[in-house]
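Peer 1: Sequence first, predicted coordinates after that:
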Amino acid sequence: MTSMPSLMIASVLALAACNAGPGESSPAPAAATGDVLGVRDGRTTLAVGQTLLIELPSNSTTGYRWQVAETHDDLLLPGAPFGDEVTDPHPAGMVGVGGTTSWRFRTGRPGTATLTFTYRRSWETNAPAETATYRITVR
């Protein structure tokens with residue numbers, strides 16, 4: 001039998017998820033970290049003081065790295081990790097293994113921002129191989 005507090009928490013979380021529009025995430029925590037996962041090419045809404053987590057697939061062994069254009073000063077405060085790549089599990093000695101690059105931001109004040117990440121080689125001047133955009137609203 002489900003306890004009343006558990007049922008109430010589940011109901012509140014379900015209603016919060018319904019409140020998000022298309023391409024928008026509600027401020028529901030991601031995993032056990034309490035972070036809100038950013039919605040790529042969509043809108044993510046958070047409250048002041050919440051933590052935004054951006055994770056992008058990467059493979060620095062190719063020379064490509066994700067770069068963030070700007071951090072929007074006091075609206076999105078850089079946290080840790082900030083641009084760190086974690087390699088996917090692989091057998092010892094295997095080369096060319098990809099991973100995930102992560103950025104964490106703490107929201108500092110209400111407002112809106114657009115975070116743009118580009119995937120490119122630092123020595124190349126041509127267009128990036130990939131671009132990821134996140135529209136952030138802090139309430």
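Peer 2: Nice, I can see it.

Peer 1: Relative to G111, how far out is the residue most central in space within the chain?
Peer 2: If you average the C-alpha coordinates of the chain and look for the closest C-alpha using C-alpha atoms, centre = their mean, you land on I54, 1.7 Å from that point. With the distance defined as C-beta to C-beta, to the nearest Å, I54 ends up 18 Å from G111. All C-beta spots, glycine's among them, are computed from the backbone N, C-alpha and C.

Peer 1: before we move on, back to that, for the residue nearest to the centre of the chain, helix, strand, or coil?
Peer 2: Secondary structure, DSSP: H, G, I helix; E, B strand; the rest coil: I54 is strand.

Peer 1: what residues are up against G83?
Peer 2: For G83, the residues meeting the contact criterion (C-beta atoms under 8 Å, 6 or more residues apart in numbering) are W66, Q67, V68, T101, S102, W103.

Peer 1: and the residues you listed, which two are the farthest apart?
Peer 2: Largest separation among the contacts of G83 by C-beta to C-beta: Q67 and S102, giving 13.9 Å.

Peer 1: Neighbour count: those two, which is higher?
Peer 2: Of the pair Q67 and S102, S102 is the one with more neighbours under other C-beta atoms under 10 Å, namely 19 against 14.

Peer 1: Can you list the strands that the helix or strand containing that one pairs with?
Peer 2: Using DSSP states H and E, the secondary-structure element containing S102 is strand 99-107. Paired strands of strand 99-107, with direction, are strand 51-58 (antiparallel), strand 76-87 (antiparallel) (DSSP bridges).

Peer 1: Quick check on the nearest residue to P110 once chain neighbours are set aside: phi, psi?
Peer 2: Distances taken as C-beta to C-beta, 6 or more residues apart in numbering put V138 closest to P110, at 5.2 Å, once the chain neighbours are dropped. Dihedral pair for V138: phi -110, psi 120, per degrees, to the nearest 10.
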